[in-house]
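> based on what follows, work out the 3D shape:
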Amino acid sequence: MLRLPIFIMLIGILVYVSNATTVPWSNEPTGRTIASLDADTAVTFDNPRHVALHQIGDYDVVERTVYFDAKQPSTGETQHIRMLIREPNVADDGSVDGSAGDATGSAGTAATKDNLPAVVFMHGAGHGGTPDDSFGDIATDMASAGFVTAVIDKPIWSTNDVTRDYPASAAAYDQAIETLRDLPNVDSANVGIYATSESTWISSYLLQQDHDIAFQILLSPMVFTPRQSLGFLAAQDFTLVGANGGYQSIVHRVFSFDTALIGLTNFDLADIPNATAYSIPTFIAYGSKDVMTAQVDGTETILDLARAAGNTDVTVRTYPIANHVMRLGSDEEAGTPFADAYTRDVIDWAAGTVAGLTQTSERVAGDSLYQSIAVPDDPVARRGLTVYGLLLHASMAVTLLVALVVAVIAAVIAAGCSLRGRLRGRRNVLGFAHGFGHALLTLTLTTVATLLLFAAGLGQVIMGVVRLAWGSAPGDDPGIMRWSWPVIQIVCTLVVWAWSGVFARLIEVAASRGILQWPPRAGSIRAVVTGREPVLASTRLGRVLFWSVVSAMLHILLFFAFWGLFVY
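Next comes the predicted model:
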């Protein structure tokens, strides 16, 4: 009669928390496509003037290094940036200087022809990025086809992946562009950019700062804000790796956090997307195995914004088998090649574009674009949810730490008493009565084991998503990420039922001691406090341990409720 109403109240609180923290989220429509107009990705132009369009290998490539200082305006911090310039060795008359193959990279061996187009490469996600480990193959190939290319140290200053300063990064890349424009062999009116993944957010700011950029090559562009783009990525990839649908509730809550409360403002970038970012000739490349970008919504948005900016020169190519960075195979393996025709198509498009020729090939070609779900419009910063989540997780950490400290103290005391073989005649150091010690141990182990199962399931989901992003295929057997969610829900319900039994027993014993009547029975409180007639335990340490552990375990249940485990 007592246990059932306690269970109903406890489970009611947890179910309410789970439902109150539920975030509206729509992935409709699903299975979106844009049909390719031609399976051949080749880019061709009408060339009535027979302008020379160079190919890979037409020139030997020489290298040189320059440096410049990039300042982060918000902090005043300066980063000394290395810039590796690769350029074709072209004689004054435009012929190939065959001796350049042995060039040492000094400025004296560089080309002197003064009308070469140029490209600055912009780094994608990741903390580092140097001229030595980034874009080496594509930058060299473009240089061998007549372009001056530049790869710089990634401008990061003291930022990290989540605090990246995109406007400042755009200014740093613009310094690299200006450096190329000032070179005597570069046509300053034909300097473009090559941006990949995360740097396509930076390129949006760059095009607002510099209106003289001639063209852009966007590899797997992140068209929408990080909140939308990463929310789409997580929602789609959690499903692709085979995770139980319940784990989607974690995605919904994470991407509804108001990260500005903790100083992270990059979740909601201003002026993204915007028409200026697509106001110049644009080449867009996707890989059919790319599971990180919204290819259909992204393409439609880019085309709409380009038209709004008066730009009709947008070319889209999708390459079979290629991943997020247009490589074949997993990015975990060094030296994975580009999709077969990708480099050729990029160079052909860039060469024809800077020559001012009219494109004759289809604008959308290669594999048909496919997108499993729509980019969600629902994720917005929810301050109330964020504040409650932060307080809950902080208090859970504190209560777990307190419970651990008290448990360690109790264990040390118990070990010391065991070595001495006595503790004033008591066999039980903690003095638990009425079976509360065994119940506390059993429920604590069960609750902590459930927490570990939750962590293991979520960890496997995250690792599956990472491997998917690297280009690996999902495993045949999802394993723990598939069955762990319903198991946790069942175990949590049973744990709540067991805790209700413990609380009912507490009330029963306390009532038998006369504590719950009003006024309390004479001497009952003193008898409980002194341990002469204990309700929980005869020692103060036992009572402190019990309530500290109970508080920590209830916080874990509230933690489960926050992440949606009690939405049935």
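
> can you get me a residue count around residue 350?
By other C-beta atoms under 10 Å, 27 other residues sit near residue 350. All C-beta spots, glycine's among them, are computed from the backbone N, C-alpha and C.

> ditto for residue 181
Residue 181: 15 neighbours (other C-beta under 10 Å).

> next one: the one 5 residues further on
Residue 186: 24 surrounding residues under other C-beta under 10 Å.

> could you find the closest non-adjacent residue to it?
residue 118 (4.8 Å; C-beta to C-beta, 6 or more residues apart in numbering).

> and that neighbour, bridged to which residues?
For residue 118, the beta-bridge partners under DSSP bridges are residue 148, residue 191.

> surely residue 218 forms part of a strand?
Yes. According to DSSP: H, G, I helix; E, B strand; the rest coil, residue 218 belongs to a strand.

> from residue 203, how far out is it?
Distance, residue 218 to residue 203, using C-beta to C-beta, to the nearest Å: 7 Å.

> for residue 84, same thing?
To residue 203, residue 84 is 20 Å away according to C-beta to C-beta.

> more neighbours, those two?
residue 203 (27 against 22).

> the more buried one contacts residue 123, doesn't it?
No. If you go by C-beta atoms under 8 Å, residue 203 and residue 123 don't touch, sitting 11.4 Å apart.

> hang on, the earlier thing: tell me the contacts of the residue nearest to residue 186?
Residues near residue 118 by C-beta atoms under 8 Å, 6 or more residues apart in numbering: 147-150, 180-181, 183, 186-187, 190-192.

> so which of those comes closest to residue 30?
Nearest to residue 30 out of the contacts of residue 118 is residue 192 (C-beta to C-beta; 35.9 Å).

> burial count for the closest one?
For residue 192, the count of nearby residues is 24 (other C-beta under 10 Å).

> would you mind measuring from the closest residue to it other than its chain neighbours to residue 348?
Leaving aside its chain neighbours, residue 192 sits nearest to residue 215 (3.8 Å; criterion: C-beta to C-beta, 6+ apart). With distances taken as C-beta to C-beta, residue 215 is found 13 Å from residue 348.

> these two - which one has more neighbours?
Using other C-beta under 10 Å as the criterion, residue 215 and residue 348 rank with residue 348 on top: 24 against 20.

> pretty sure the more buried one is touching residue 44, no?
Yes. With contact defined as C-beta under 8 Å, residue 348 reaches residue 44; the gap is 7.4 Å.

> all helices for the stretch 151-300 of the chain, in order.
166-181, 199-209, 226-240, 248-254, 295-308 (DSSP state H, counting those that start in this stretch).

> buried residues, the second one. List them.
It refers to helix 199-209. 199-207 (16 or more other C-beta atoms under 10 Å).

> so that helix versus helix 295-308, what angle?
With axes from the mean of the first three to the mean of the last three C-alpha atoms, to 10 degrees as the basis, helix 199-209 and helix 295-308 are set at 10 degrees to each other.

> show me where pLDDT drops low in this structure?
Within the chain, the ranges that satisfy pLDDT under 70 run 91-114, 127, 329-335, 417-429, 471, 513-518, 520-535.

> would you map the strands across it?
Taking DSSP state E to define them, one finds strands in the chain at 32-34, 45-46, 61-71, 78-88, 116-122, 148-152, 186-196, 216-219, 282-287, 314-319, 358-359, 364-366, 369-371.
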